[in-house]
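> Sequence first, then the predicted structure:
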Amino acid sequence: MAPTHKPVQDIIQSGVVPKCYIQHEDDYQAASSNGPPPLMDAPTIDFSLLSSSSYPHDELANLRSALSSWGCVQLVNHGMPPSLLDEVREMSKQFFKLPLEEKEKYSSKGDDLLEGYGNTNAVQRGSLNWNDKLHLQVYPEDKRQLQFWPENPQQFRTILHEYSKRNRMILEMLLKAMARSLNLEENSFLQFRRDENEDMAFARFNFYPKCPLSDQVVGLKPHGDGTYITMLLLDNEVEGLQVNKDNTWFRVPIIPQALTILVGDQMEITSNGIFKSPTHKAVVNPQYDRISLAMLFKPSRDKEIGPLDKLIDEERLQLYKRLKDYSQFYSQCIPPLGERPISKVKINNH
Ligand SMILES: O=C(O)CCC(=O)C(=O)O
Ligand SMILES: [Fe+2]
């Protein structure tokens, strides 16, 4: 059986950071020691302009340019009420504040360590992430494993249901706008959703306890997401997400009402490399705990993905192979140090 590790929140009660969490010199772009990196200056996108039927050119062009350079944008005016965002953040905090015995009722069990409460460290190599998580499949709805869904805080299930539903509506409009921004027919990226009922989504609640050695540990090590789109709700008080562009790290600024969008590997593949799945990481704060919620959207397992025909021509050769179940491939892939799973599906055209 795979090794399991105690939640970080439990470990740090002793005040001592175990060695296995300290980043090594050779960890891929590990914690930087030259002070805080600059802020990301990708434009904030006004979502209400994208979803209007007129599709104003400027906002679409901004979207395209940000997703093809940063692979990350912050959406405002997305229609989700601020009160719902506050409720989601509050219930996450309340859940992670519960006594350990209470949270462990929802612990990941058996061979499938994906769903439930725990940490991600059982399934990775090298130094460990300073991160506890609660991972829940929210779509398809009939795949929900409610035994992992907290009933404490009391409103948890209802709020998560509402939040997921609204995220999915935003996703659909976003995918349409992304297609339009490339002059494609607006349903081009909806092929991820062959059937609305098969589309998969996971809610991943992240908790990063404060750490006295914050500059030597990493909340989540540098990675790209294996999704097609990730929608993040970031902590509205404690910064921590950083994205890498041209080998430089940038801090993603806190915009309390915004949803932060990350392009995932499967979108990079489908767009034949036009949209970039950015390498990103989460850093840890010495004084404050931090939370985030990632909504991870993935196509159903039997859906083949690959670059759209319309995005392949003599000038832009096909850059990635076609494949099914990228998520499975991603979770089993151990690429060479410093590389990511997506590099393994690149076609060498030379
Ligand atoms: O906590 C964050 O800001 C990033 C989370 C993340 O990258 C993930 O859950 O994949
Ligand atoms: Fe991520």
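Right, received. Where do you want to start? Residues are numbered from 1 along each chain as shown. Ligands and ions are numbered 1, 2, ... in the order given.

> and the gap between Q147 and H135?
The spacing between Q147 and H135, counted by CB to CB, to the nearest Å, is 13 Å. Quick note: C-beta positions are derived from backbone N, CA and C, even for glycine.

> Who has more neighbours out of these two?
H135 (21 against 10; other CB atoms under 10 Å).

> I'd say that one and N119 touch.
No: judged on CB atoms under 8 Å, H135 makes no contact with N119 at a distance of 10.3 Å.

> show me the contacts for E162.
Contact partners of E162, counting by CB atoms under 8 Å, 6 or more residues apart in numbering, are L84.

> in the host helix or strand of it, what counts as buried?
In the assignment (DSSP states H and E), E162 maps to helix 156-181. Residues of helix 156-181 classed as buried: 156-157, 159-160, 162-164, 166-168, 170-172, 174-181 (neighbour count, 16 or more other CB atoms under 10 Å).

> how about the residues of this protein near ligand 1?
Within the chain, the positions near ligand 1 by CB under 6 Å from any ligand atom are R204, N206, L220, D225, L232, L234, G240, L241, H280, A282, S292, A294.

> Which stretches in this structure count as helices?
8-11, 47-51, 57-69, 82-97, 100-103, 156-181, 265-270, 326-332 (DSSP state H).

> mind putting the ones you listed in TSV, mean pLDDT included?
Converted to TSV, the helices of the chain look like this (pLDDT from 0 to 100):
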stretch	mean pLDDT
helix 8-11	88
helix 47-51	85
helix 57-69	92
helix 82-97	98
helix 100-103	93
helix 156-181	96
helix 265-270	98
helix 326-332	90
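
> Any stretches of the protein with poor pLDDT?
Applying pLDDT under 70 to the chain flags residues 1-5, 25-34, 51-57, 110-113, 120-125, 193-197, 350.

> go with 80
1-5, 24-35, 51-57, 109-114, 120-126, 191-198, 335-338, 349-350 (pLDDT under 80).

> Can you show me the strands along it?
Taking DSSP state E to define them, one finds strands in the chain at 44-46, 72-76, 116-118, 132-139, 200-208, 220-223, 229-234, 241-245, 248-251, 259-263, 280-282, 290-298, 304-305, 323-324.

> of those strands, which approaches F96 most closely?
strand 200-208 (4.3 Å; CB to CB).

> now the angle from that closest one to strand 229-234?
If you take axes from the mean of the first three to the mean of the last three CA atoms, to 10 degrees, strand 200-208 sits at 30 degrees to strand 229-234.

> Please name every helix or strand in contact with strand 200-208.
Packing partners of strand 200-208 (3 or more CB pairs under 8 Å, 6 or more residues apart in numbering; DSSP states H and E): helix 8-11, helix 82-97, strand 132-139, helix 156-181, strand 290-298.

> What sits closest to N167 if chain neighbours are left out?
Nearest-residue entry for N167: M295, 4.8 Å, with adjacent residues in sequence omitted and distances by CB to CB, 6 or more residues apart in numbering.
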